[in-house]
Structure formats: structure tokens, C-alpha cells
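*Asks:* quick one, what's the 3D model for this:
(chains A, B and C)
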Amino acid sequence: MSAPRMDGPTMDGPRMRGLRRLPEGGEIDRSRPLSFSFDGRAHIGYAGDTLASALLAAGETVLARSFKYHRPRGLLGAHHEEPNAILDLRAGTRHEPNARATLEPLVDGARLSSIHALGTARRDLLAVMDRFARFIPAAFYYKTFMWPHWHVYEGTIRRMAGLGRVAADSRAQGGALRHIDVDLCVIGSGAAGLAAARAGLKAGRSVLLVEQRSRVGGALLWRDAVIDGVPGARWAQDLGAALAAGGARVLTQTTAVGLYDHNSAVLHERSGDGGRIWQVRARAFVLATGAIERPLLFGDNDRPGIMLADAALEYLRRYAVVAGSEVVFATGNDTAYQAALAYAAVGARCTVVDARTDTPAMAAARAAGIEVLAGERIESTLGKDRVQGVRTASGRTLPADLLTVSGGWTPLIHLYCHARGRPRWDAERGVLLPGAPVQGATVVGAADGARSLADALAQGVQAGGGAATDVPACIAPPFDWGGAPDTRMAFGARRTWVDLQHDVTAKDIALAVRENFRAVEHLKRYTTLGMANDQGRTSNVNGLALLAERTGRTIAEAGVTTFRPPFLPVPIAAVVGTQRGELQAPLRRLAAEAVHREERAELRGYGDMLRPASYGPAQDAMTRECKAARERCVILDASSLGKIEVLGPDAAALLDFVFYTRMSSLAPGRLRYGLALAESGAVFDDGVVLRVSADRFVVSCSSSHVAAMTAHLEAWREDRFDLSRAFVHDTTPRWATMAISGPASKGVMTALGLGIDLDDTAFPHMSARDGRFAGEPARVARVSFTGERSYEVSVPAGLAEELWRRARTVGAEPLGVEALGALRCEKGFILVGVETDGETMPQDIGMGRAREVRTDPYVGDRSLHTPAAQRSGRRQLVGVAVAGDEPLPVGAHALSRGARPHSVGWITSSHMGVGAGKPVALAMIEDGASRHGETLEFEHFGTLHRGTLVAPCFYDPKGTRLDVRP
Amino acid sequence: MFDRSAFWSPPPDWRHARLDGVGIRITASAAPAVWRISGRGLPAALARAGVARAVGPREACDAPVYALRIAPDSALLIGDAAHAPDDADGTVCSALGDGIICIDVTGPAAASLMSLGSEHRFDDPPGGPLESARMLFAGLPVAVMRCGDGWRLHAERPWAPALWHWLAGHIAHCGEGAV
Amino acid sequence: MQVFSCPYCGPRPDAEFHYIGDADKPRPERSCSDEEWAHYLFMRANTRGAARELWVHRAGCGRWLVVARDTETHEVAAVTPMNAERAGT
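*Replies:* Next up, the predicted model:
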């Protein structure tokens, strides 16, 4: 097969500067040209191109500016190892501010822009930064920009650093998160991965094959190989199709971003817009993630036009892009020779600069007409914004429009490290390899240091559960790992770049060592080497080698850092997926929500429940609703209150243990308000307990605590009780509960006709009766949170709307949660979590009696008798009265007297009290209960207020309103 | 002042709730009557109600009255309004009325939709005899059971609208993903 | 992303469970000293390696479980009911 040539009969002229695409070959579809632009310049690419290959073919060499010094940068690689080509991409409605050009497929109409330049990549006004390089080496911000303080400079420096900008109209969408469970998950579809997948499928296992590129094959797509008699690329495509046909799941354009606990992995599938996340659970993983090439270390080794040799070969073979017509291949191993021979075959003038003195590869190259300079190294490059020539160590100058570099190889062991694997340094290959095996994941192929294609295939087959007889035969050049990085040319006159993304030079590493940051973890953090979004793919090992050299150690002694997920950056849109808007943090709903909406309620989340905050026009809702509650009759949807049944012969005993307030002495049909504590003695929840019968109680707890209270009861039931004698059933969903409250509530209850004798002697406060509503059982409890006469009517949830409507028809007016807050505040009724915090004990809120009287065990008992519980200075519940009409601000701190005042407590609730006719507030103040009458200063955001401590009840302290007769 | 009524979609009317998609049909109804039964006498209590045993998430029950296993000694009896189990020896019973919403997800694409909501292997054979039918599905507490060519999801009324909105939001996604 | 094999329900994702704390912390008697009570309330073993933890299968059977788990590798050796001898039917 003769390869197409650049200077063939269809072209004109021997040197084709600017014509960079071969007329035939590659994976691109020349019948589908795609138009795109870069920084406003229009170009044509083809279907099958990546942004990178299309830009390369179009002759765009300067694609970006570096992070710190704004140096011009071009393509170094062809895939995820590429550090420089990060661009702003707009295509249709999609906007990706940090698109990786080597990973993004070209689409028609794509508009690309360079980022991080003041201007464009070609002409960046901040290029002047490079002249000040001397003043801003690694870690300069630890030594400069300190006076008067960092924040003076921070804004400017941040604006000059950073990557793409998110546009205000960006609306990236992510796909739905998918789960997949398989026997075998193979990551990487190169030779080893494909072999493993096939072996697994043949062994009858369910298989998932994950591949980052747009098609399977890995390096077989561009390197010379013959497997089972066919070219490697075709073997791979055929096998990929056979796997899919055989029932394996094959995901392309998908990156395994992390390996996690218990054999799970997270994948990011790049499918339009943000893409989608897959969560994989597999019995076994095969990590066939391959290896990437390393750049060489020499002066000005970051110029546009310097490319990894393997990348240059990939662009040529897969995309028919000739990256240069006058190419120098700098190397210390055999890898570059495949690229050199391929470029020579298409008519480029090729020169190999090999640091070794003599190898068999040199003879083959010379035979193909390639000049080989043996025993030579690159000292520096020439050119302004792009490579125009190179200078060797011996002083020779060579013209070049493309310089390829081959500094060795780096196996990709990230996922192995995610699984807590510890890498080890292999000196002979010059690589970090997986160390001891990790549970559930096997590393194969180049990622495990395989020396040949045959090895990789064999390892893959074995990992997939196949036999040695299943390994296909292959012909391929042996793989030359190249050994440890060559640091000979790293400290010349021109700066040698190690981490291109963070602009870290060899001199920066030397500086760090001089300042005694000699441990690799210190070096990393001090210089930021390897900390950019490429996770140091092309810089970590070179940096390690320089550290070792500067500190006189071997690389193994210098140590190694680990890798953490994600392997590649994942757009937040993919992580969010479909969990946006109301799906992100859903709320529980009231059964009667439709009718609240009809009544124009303002709905808000309270805890995990959507409830009406108020009804009608918001402005005067509070006053209006509170007045209706104090003067007439209101209805409040109280369905969110928990209703947990505690049953069985030991139900009373269980409640006595879990509650601070004894419930076993309740008579059937009676209710009691009580507290449940945590073991620390702090108030955990409050609620009202109804005794239905000897063996049945209903615990009603605050809305936000239902699940927690159920779990609390269940926990102690399991710990201390015979499981056949005590049970906890959450029956909250059964009931809709409406609180009918106000001086006129008895009339409304009569009109509702629930079949209950409402006479106060027959139905006293804090008792419950059973009745019927619309033919179904109903329960009515006389419990009040407003301080007025109240009836809590519970009906089956399906009748919620009907009950509401009927009550409204007979005169009840709606009451929202906000107004309820004001009503209970002026009564001094606490809200757990508002008045109380994680330390508030019962005696602090005036409920210390049980502590003194009870000797039987209950949750939190011991904590109530500790020095902390008994000391003076504990914050106690008080009311705070003010002069004037302005309620105190919630959260205002009470100040101690004296020279240096400190906080002695704060306002917990504050409202205009409609019943009291004046502002009311509750507070927790140190020793507050014994300080009634004292006037204190309260401070809130610099303003001082004055308030007087009073008893925590501003309205009807004797509770006569509970039994008020209309 | 801070009105979120527009942000939160209204709950569906459970009497008419229905979602259709490609290869998938979702319907809902309030279970007519539900009881929570616990105790040593649970198997006998279920038998009296005409239910052989409580089922787990990967078991089917096509009878109008059935029981879902909640805990080793506790089950949810679903169906017959006429039959209220009494507190017999060794059991306690709490009525849950119409507090449970049953949502049926059926059709050839049902498995795909289920796999969006949980990593649970819904197509596996039934598990141990004490496996709870309750699990996290779409991040919500749901009791699952096989039903016809799909699954029945049981959600407590307060959470049922959230589950419904999730299903509505994902019904279009269940065909995606590599084959 | 862990999976716990509940003894009743089989393997379930960790989101269905809730971590409580150390297992093997018996509740001291009321007559204990302040130090013993404080130890019960606030001190955690914080074991590196094989630990016994209390978890509750909140979104499943609701039962309390003792999980023998390595806090470094997250390997789970066993999951048993907290009160095995008193488990129900």
C-alpha cells in the first residue's frame, strides 16, 4: 500500500507549507466538510475531525496563552494528555468555556475562541508578563504581594490568571444519571482491553467496554500492527462490532473518571452538551488504560510546533493531517522512528536527533532517506511564536516547522491509584507502574508496563478469564519504554518547561529544592507542578526526575504523589444531570395543596414540607390572619405534624424511656405535651402524645422531625425492648389534620357535624374523641398551638380538601405558618430548633420538674445531673419587652454589662403581637429566669436596642382563652 | 414575600394521573386501604386476610389484596377496604387508610426507567425471605413490587408528588444510553 | 458508593443507611461517674483499620446493624443485626 504523498501529482510545488491535509486516508469523511472559525478566522474541517485535528489542518499553530507568563502555546498531544489547547467552544446552543480541543469532535458551525488572553492567542497584550518572569517565579505569592495585604492585589491577579469565562446565557444540560451492573467492566479499548472484553464475553460474563475516543482500538488506530492477519485498526473495529453484536455494552466518547468503593466506577459520557454520568458496579474491573508519551526537557521546549511524536503520528494516520513538512524528531528511544518513517513516506523532509549512539532503528531510518544525528540532543528551539528551527547540543542548527519530542512513556495508573493502589518506580523502563494488586481491578497492557503487543494481548485475555490459546497472534515492533527522563539539557541558558499548564520550569524546581522543599509533596504544592487540570500527565515524571537529580537521589527515593478522581474534568452539568429545579431537593406535599393554591397561598419549604406561609396579598397577611385567629376562627393545615403510633404491651414503657415527660400515666383519650431528649440532655423534639388505649399511643412530633423521631423510637425499641412487645408505626401519611382555632371555633366545629359531643365537660382541653367525617373515621384532639380554643381534626388524607372547604364554608378563615409563628410567640410556646439549640436542656425552658422527680431511666437522664447541667449562667427562656412599636431583630445579642461586653444570649423569636397589642420577643439569656425586670442592651449589626426581660408569655398567661365561651 | 408556588409543580390529581412515553405507561391510584401489621403473629394475620405471605421488591403479586414486607416482623397489607385485620395474638395493627399511593410503571421500557432511579438489580430473582420491599428510588423512600410487565411503586402520600414529578421528568430519558 | 449487605434485605447502596457511631458502647448505669458518662457521649474510638460500627438501614427494613468495616480500605467483613438474639420473625 503506498501512502499518499504531499508532493504527489495532484499537488503543485515540492514544499507544501500551508497544505496540511492529505487527499486520502484517515478516518475523516471528506464528503462532509464542516465549517468552523477560530478567533474569527473561517476554516473548513471534516466529519470525523476533532477540533484539534481541524485546527492543525487549517494551519492554526498558536492556540492559547499560558497561565502565568502568557507564552504562546500550540498542540503538544492528540488526546487527553494535551495541556495547551483549551478553547472556548460555541456550537448551536451549546457553550463550553473550557473545551479540550483534542477531545471535542468538530461540528458544523463551531465557533472557537482562545481564552485567557487579553486579545487573542495570536496577539495577547499580556504577553508582556513573560518579560517579568524573573519577578514571578514559582511560589512568588508567598513572598510578594503581601503589603498591606494580599487582597489588594488578588482581584487583578485573578483576572489575569484563570481560564474560560462562563457566559451569562450558558444553559448547559446534563443527561440522566444511569446505573449499570455488569460482571466485567473493561476500561480502555486498545489491544489489551479488547482482548479482555472478548475473553469475558466468551466466558459468558456480562461485559461493559469503556472507551474515551470516538471509536474502539486505542493506539491500534494509528500504530503499525497486524493482529490475526489483519491491520490492527481493522481488527479493532471488527472486534468492537462483534462485541456489541454479542451483547457487550460498548460506550465510546466515555471517560472513566474515578474508581470508588466496593467495585464501583463513575463514567462521564460526552454526548452533546454536558454529557451524562454512568455509575457502574462490576464484579471485576480491567484497567487497560494504556500509556502516554512524555516530552523532552530542553530550552524553549514549549513553543508552538512542538508535538509528541506519537501524537504527530496519530494526527497523520487518523486525520490525514501533516503537521509539518520539515520535521525534526528528537528522541532517546525507538518510538519516534515509526512517526519519522510515516512522515517521510508522505514526502516530508525528516531528521532524527537521537541521544543514543547506535541502534538498529537508525539503519532502517537512513535507508528510508531520513537523516539521523546520533548521540545528539536538542539544546533549544528557534523561532518567535512558532518553531522555525532547533539548535542541538553540539551547536548545529536545523530548520524545522515541526519538532516532535519523545522523552519516554508514562503508564496511566490513575484508576489504580483511586482504588488505593500504591505505585512503584520501575527503573529499567523509567516508569511508575502499579505496585501491589488492588481488590477487584486488574491492570493490563501498557498501563502495566507490557513490553510488546503480544504481552498486552495475553494480559488482556487472562484478565478477561480466557485461556492462553485464545490469545491472537500479532506482528508489531517491540515497545521501547525509553528509561528514566533525560535531564541533561534541562538547565541551559533558555528556560526549560516542565508543567506547561502551570508554567513551571526546571529552574522553579531547582528553586524549590534550594528552599528545602525537597519532599515530592512539598515540591508539588510549592511549585504547583502537576496541580493543574491535566493532573501533571506530561509533567509529573519529568518533574520527579528533576527533583531526584537536584537532590542527589534516585527517582524511587524521591517518592511519588497519588492521583485522585476525576481523571478528566467533568462538567457540573453532567454531575447535576436531571437533578435540577424541583427535582434537586424535593419536598413533601400536603394532601390539600390544590386548595391552598386556589386560596392564593404563598407556598414555601418549611423543613422538608411545602406549606402555606400566608394567604392572599402578602403585605398585611400576618396581621390579618393573626387578628382572625384571636377574634374569630381560623383553619391551619397541620397535616405535616407527625403521627407515630407506638403499640404493644410495652408501648408505655418505651415512651417512658424515650420521653422526658412521663406518658405512662396518661389516661386513654387524654393528651400530654412533652419533650424527648438526646442522650446529651438537649431537647431533641417536643410533641403531644395521645393515649388511645392501654397498648396504643400516638406521638405527634414537629413536622421536620418525623423521620428522626421514628428512627429515635425504633432505635431504643431495638436496643432495650422485647421486639415482640413494642412496635413503632409511622402513620403520618394516613391523616390530614386541620387545626380549627379561635374563640368562635366551637361554633365551626358544631357546624361541621362530626358526631362528637363538644360540651367542654364532655370534651375537655387536652383530650381526644373519635367521630366521623364524610362517612369516614375522624379524630378530634383539643390541642392548641395558638393559645386560643382549638380543635385538631384529623381525617383520611383523601378527604383533606373536602374538610378544608367545609370549614371555610362555615366561617373558618385560613391561617398560614408565618402567622402561626407570631401567635405562638406571644404565648411563649417554643419551637424546637428556634428557641432551643443543641445544648438547651428542659430546665432551661421551664420544664425542670421531671428532672427532679423521675428516678426511672430515660434518654438523657444522666446528662441532666452533670456539673454543666447544674451550673449557673445557663441560657434560659425569657420574654423581652420593648418600648415603642418596633419589634427587636431576631438574632440580636444581649450584651453583658461592663467594660468589654460579650454576648449573654440572643433573641430567638420576635413579632408584632396582635393579641398582646405590642411587640413581643422570646430570648435565651444567661440566668434569664431570675433576671425578670432587668433592662439589657441588644446589639445587632452595629445598632443597639434596649429590652426588658420578662416572663415568656405576653398574652393570656393563665390560659383562659383555651376554654373561652363565645 | 418569598413565594415558591410557581417553582414547585402542583401535585397530580391521583384519580386521573397518567403518563405515557415510548414503550412505557405510568398510572397511579390511591390504595383503598392500607394496614401496617407487626409482631410474631404476622404470618397468621396475613393468612387471615387471604394473603399467603408478604413480598419483597422483586416478587410479584397480582391479587387485589397483597402484603409488602417492611421489616422482618412487619408488613404493609394493601387492598381490601372491607377487611380490617384485628389485633390478634402477637400482632399489632395500625390503619394507614388511603395514605399510600400506588404508581404502576409498565411496558418494555419500564426496566430502563427503573434503572435510572436506582442501581438495584430489579430483574434479579427474588432474594431472601426477609428482604424489605422498601428502598431508595429516585432518592425517595419507596416500597417496590413486581407487577404485570413492570413494577408497582408504593409511596407515602406526602412523597408521592415528588416521585411522580421525577417519573415525568425521566420518562423521556429511558431510551437513551448505548445499546 | 459503598454497598452493605443487610442481613435481611441483601446488598443495598450506602445511601439507604445512616451511620450512627461506634458499636459496642453499652449505656452506662445512671450511677456512673461524670467521666464515664462523658466518655459514652463524646469519645469515639476513631479506629484506623478494622472497626465495628452501628448503622441503621433507614430506607429499607429500618433495623439497626453492626457493620464490621475497615475504615481505611472500606472493606466490609460482616453485617449483623444489633440485637441478633432478639430479632423478630
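
*Asks:* please make it C-alpha for all contacts and neighbour counts, starting now.
*Replies:* Fine.

*Asks:* hmm, the longest helix seen in chain B touching chain A?
*Replies:* Longest among the helix segments of chain B by residue count, using DSSP state H, is helix B:160-170. Yes - using CA under 8 Å from any CA of the partner chain, a contact is recorded between helix B:160-170 and chain A, made by B:161, B:162, B:165, B:166, B:169, B:170.

*Asks:* burial of the second one, as a residue count?
*Replies:* Here the count is done by other CA atoms under 10 Å in any protein chain shown, and residue B:162 has 26 residues near it.

*Asks:* show me what contacts it?
*Replies:* Residue B:162 makes contact with A:583, A:586, A:587, A:588, according to CA atoms under 8 Å, 6 or more residues apart in numbering or on different chains.

*Asks:* which among those residues end up buried?
*Replies:* A:583, A:586, A:587, A:588 (16 or more other CA atoms under 10 Å in any protein chain shown).

*Asks:* mind picking the two most distant members of the residues of helix B:160-170 next to chain A?
*Replies:* Across these, the longest distance by CA to CA is 14.2 Å; it joins B:161 and B:170.

*Asks:* of those two, who's got more company?
*Replies:* residue B:161 (25 against 20).

*Asks:* nearest spatial neighbour of the more buried one, skipping sequence neighbours?
*Replies:* residue B:11 (5.1 Å; CA to CA, 6 or more residues apart in numbering or on different chains).

*Asks:* over to the one you found. Which of the three states is it?
*Replies:* coil (DSSP: H, G, I helix; E, B strand; the rest coil).

*Asks:* burial count for the closest residue to chain A within chain B?
*Replies:* Of all residues in chain B, residue B:99 sits closest to chain A, at 4.2 Å by CA to the nearest CA. Per other CA under 10 Å, the neighbour tally for residue B:99 reads 28.

*Asks:* tell me the contacts of residue A:799?
*Replies:* Here residue A:799 is in contact with A:736, A:774 (CA under 8 Å, 6+ apart).

*Asks:* what about the lowest-mean-pLDDT helix or strand in chain C, near chain A?
*Replies:* When the helices and strands of chain C are scored by mean pLDDT, DSSP states H and E, strand C:18-22 comes last with a mean of 93. No - interface with chain A: strand C:18-22 contributes nothing (CA under 8 Å from any CA), its closest point being 10.2 Å away.

*Asks:* in its sheet, what does that strand sit against?
*Replies:* strand C:50-56 (antiparallel) (DSSP bridges).

*Asks:* where's the partner strand relative to the chain centroid, distance-wise?
*Replies:* 3 Å (CA atoms, centre = their mean, to the nearest Å).

*Asks:* got the angle between the following helix or strand past that strand and strand C:50-56?
*Replies:* Moving toward the C-terminus from strand C:50-56, the next helix or strand (DSSP states H and E) is strand C:64-70. Here strand C:64-70 runs at an angle of 150 degrees relative to strand C:50-56 (axes from the mean of the first three to the mean of the last three CA atoms, to 10 degrees).

*Asks:* ok, residues contacting strand C:64-70?
*Replies:* A:715, A:718, C:6, C:23, C:48-57, C:75-83.

*Asks:* can you say which of those residues are buried?
*Replies:* For these, buried by 16+ other CA under 10 Å: A:715, A:718, C:6, C:23, C:50-57, C:75-76, C:79-83.

*Asks:* mind giving me the packing neighbours of the host helix or strand of residue A:455?
*Replies:* In the assignment (DSSP H and E), residue A:455 maps to helix A:453-463. Where contact means 3 or more CA pairs under 8 Å, 6 or more residues apart in numbering or on different chains; DSSP states H and E, helix A:453-463 is packed against helix A:191-202, strand A:474-475.

*Asks:* quick one: it to helix A:191-202, angle?
*Replies:* Using the same axes, to 10 degrees: helix A:453-463 against helix A:191-202 is 30 degrees.

*Asks:* what is the mean pLDDT for helix A:453-463?
*Replies:* For helix A:453-463, the per-residue pLDDT values average out at 97.

*Asks:* and for stretch A:710-724?
*Replies:* Mean pLDDT, stretch A:710-724: 92.

*Asks:* and the pLDDT for residue 7?
*Replies:* Looking at chain A here, since you left the chain open. The model's pLDDT for residue A:7 equals 41.

*Asks:* oops, chain C please
*Replies:* Reported pLDDT for residue C:7: 95.

*Asks:* likewise residue A:316?
*Replies:* 97.

*Asks:* so is it in a helix, a strand, or just coil?
*Replies:* Recorded secondary structure, residue A:316: helix (three-state DSSP).

*Asks:* and it, how many neighbours does it have?
*Replies:* A count of nearby residues for residue A:316, using other CA under 10 Å, gives 24.

*Asks:* quick one, grab the pLDDT at the closest residue in space to it that isn't next to it in sequence.
*Replies:* Spatial nearest neighbour of residue A:316, excluding adjacent residues (CA to CA, 6+ apart): residue A:322 at 5.6 Å. Listed pLDDT for residue A:322 reads 96.

*Asks:* would you confirm that residue A:322 contacts residue A:24?
*Replies:* No - when contacts are counted by CA atoms under 8 Å, residue A:322 is not listed as touching residue A:24 (11.9 Å).

*Asks:* what about those two, which has more around it?
*Replies:* Remark: of residue A:322 and residue A:24, residue A:322 carries more neighbours, 28 against 14, as counted by other CA under 10 Å.

*Asks:* quick one, what contacts residue 34?
*Replies:* With no chain named, the answer covers chain A. The neighbours of residue A:34, taking CA under 8 Å, 6+ apart as the test, are A:44, A:45, A:46, A:47, A:106, A:107, A:108, A:109.

*Asks:* chain C is the one I meant
*Replies:* residue A:866.

*Asks:* what bits of chain B have low per-residue confidence?
*Replies:* Within chain B, the segments meeting pLDDT under 70 span B:1, B:81-83, B:87, B:175-179.

*Asks:* swap the cut-off to 50 and go again
*Replies:* Applying pLDDT under 50 to chain B flags the ranges B:177-179.

*Asks:* tell me the residues of the stretch 801-950 of chain A that contact chain B?
*Replies:* Residues of the stretch 801-950 of chain A found near chain B (CA under 8 Å from any CA): none.

*Asks:* would you map the strands across the stretch 801-950 of chain A?
*Replies:* Along the stretch 801-950 of chain A, counting by DSSP state E, counting those that start in this stretch, strands occupy A:813-814, A:875-881, A:893-895, A:903-913, A:918-926, A:935-940, A:943-950.

*Asks:* next, format those as a markdown table and append distance to residue A:284 and mean neighbour count.
*Replies:* Formatted as a markdown table, these follow (distance: least, CA to CA, whole Å; neighbours: other CA atoms under 10 Å in any protein chain shown):
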| stretch | distance to residue A:284 | mean neighbour count |
| --- | --- | --- |
| strand A:813-814 | 60 | 23 |
| strand A:875-881 | 57 | 27 |
| strand A:893-895 | 58 | 24 |
| strand A:903-913 | 55 | 22 |
| strand A:918-926 | 57 | 26 |
| strand A:935-940 | 59 | 18 |
| strand A:943-950 | 64 | 17 |
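
*Asks:* quick one: which of those strands is nearest residue B:111?
*Replies:* strand A:813-814 (44.6 Å).

*Asks:* tell me the helices and strands packed up against that closest one.
*Replies:* Here strand A:813-814 touches helix A:621-631, strand A:634-637, going by 3+ CA pairs under 8 Å, 6+ apart.

*Asks:* now the shortest one - C-alpha only, CSV.
*Replies:* Output for strand A:634-637, consisting of C-alpha atoms alone and laid out as CSV, is shown next (Å, rounded to 0.1, in the frame of the first residue of the first chain):
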residue,chain,number,x,y,z
VAL,A,634,-59.1,30.2,61.6
ILE,A,635,-58.1,26.9,60.0
LEU,A,636,-54.5,25.8,59.6
ASP,A,637,-53.3,22.8,57.6
